[in-house]
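**Q** give me coordinates for this.
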Amino acid sequence: MVSKTLIEKAREFHGHICPYVVLGLRASEIAMQRLNIKKASEAETVNEDIIAIVECNNCFADGVQVATGCTFGNNGLIYMDTGKNAVTLVRRRDWKGIRVYVDSEKMKKRYFSEEASRLFEKVIARREGTSEDQERLRKLWNEIGFALRDAPEEIFKIEEVKISPVERAPIFETVKCDLCGELVMKTRAKVVNGKTLCQTCAGSCNAVVGRGIVLDFKTPFEKRL
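**A** Below you'll find the model as predicted:
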């Protein structure tokens, strides 16, 4: 069962409690128990000894980061843009992992009321809710989130997997952008008309936005004020 303390840490990190952030905690807990490991320690995060592979960039991923200690910033988190609510926790020393997938149909049937489903469609999917609707949904999400802290394993698909080795984060040389003068990782710089440019100045880069990974994303900075 996910502790209330961990849920509150997730609230602080994510900004609110909702079903999928708690499912990220619960799925991680199941994977850690099956692998007989705890949250990544200081040494493990420095060495990237434990890796969490998430397949979505929604609330679930934040629950995984809080529970496992594998984060975007410490390179313990790998994002695969498959659009599934799933996490695979992996030990680098033997590349043995546990993948936990949320069966959302089973979960919603068991935990979502008709009102919660209706408000989700109105407030989140269509962005049409009133402030009262938003407050009511917040309360319902909080209730459902805490109910999911001991979600049974039946609502998950749990698999033992063998993972192909993944490289540790490399350290690359930096170069200076000829336009803005900022240092940039050499592998991200572009040469345009003989000048070395960072991708911001070049106008586009790959980016993770709400709908997932977008290739050649137009940089949104119109001008520097």
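
**Q** chain neighbours aside, what residue packs nearest to residue 201?
**A** Once flanking residues are discounted, residue 201 sits nearest to residue 179: 4.2 Å by Cβ to Cβ, 6 or more residues apart in numbering. Where you see a C-beta, it was placed from the backbone N, CA and C, and this is true even at glycine.

**Q** quick check: the one you found touching residue 199?
**A** No: with contact defined as Cβ atoms under 8 Å, residue 179 does not reach residue 199; the gap is 11.3 Å.

**Q** between these two, which has more neighbouring residues?
**A** residue 199 (19 against 14; other Cβ atoms under 10 Å).

**Q** distance of the closest residue to that one other than its chain neighbours relative to residue 65?
**A** Among residues not flanking residue 199 along the chain, residue 205 sits closest, at 3.7 Å (Cβ to Cβ, 6+ apart). In this view, residue 205 and residue 65 are 23 Å apart by Cβ to Cβ, to the nearest Å.

**Q** comparing these two, which residue is more hemmed in?
**A** Comparing residue 205 with residue 65 by other Cβ under 10 Å, the one with more neighbours is residue 65, at 24 against 16.

**Q** give me the phi and psi angles of that one.
**A** Main-chain torsions, residue 65, degrees, to the nearest 10: phi -60, psi -40.

**Q** report the buried residues of the worst-scoring helix or strand of the chain on mean pLDDT.
**A** None of the helices or strands of the chain scores lower by mean pLDDT, DSSP states H and E than helix 42-47, at a mean of 87. Buried residues in helix 42-47, counted by 16 or more other Cβ atoms under 10 Å: 44, 45.

**Q** list the contacts of the most centrally placed residue in the chain.
**A** Central residue of the chain (Cα atoms, centre = their mean): residue 61, 2.6 Å from the mean position. Residue 61 makes contact with 24, 54, 77, 79 under the criterion Cβ atoms under 8 Å, 6 or more residues apart in numbering.

**Q** returning to what we had before: could you look up the SS state of the residue nearest to residue 199?
**A** strand (DSSP: H, G, I helix; E, B strand; the rest coil).

**Q** again with residue 119
**A** Using three-state DSSP, the structure places residue 119 in helix.

**Q** hang on, isn't it packed against residue 135?
**A** No: in this structure, residue 119 is not within contact of residue 135 by Cβ under 8 Å, at 10.2 Å.

**Q** which of those two has more neighbours?
**A** Counted by other Cβ under 10 Å, residue 119 and residue 135 do not tie: residue 119 has more neighbours, with 19 against 12.

**Q** tell me the two of the contacts of residue 61 that are most distant?
**A** Greatest spacing in the contacts of residue 61, by Cβ to Cβ: 24 and 79 (13.2 Å).

**Q** neighbour count: the two, which is higher?
**A** The neighbour count for residue 24 versus residue 79, taken as other Cβ under 10 Å, is higher for residue 24 (31 against 16).

**Q** pLDDT wise, what is the more buried one at?
**A** Residue 24 carries a pLDDT value of 98.

**Q** quick one: it is in a helix?
**A** Yes: the assignment for residue 24 (three-state DSSP) places it in a helix.
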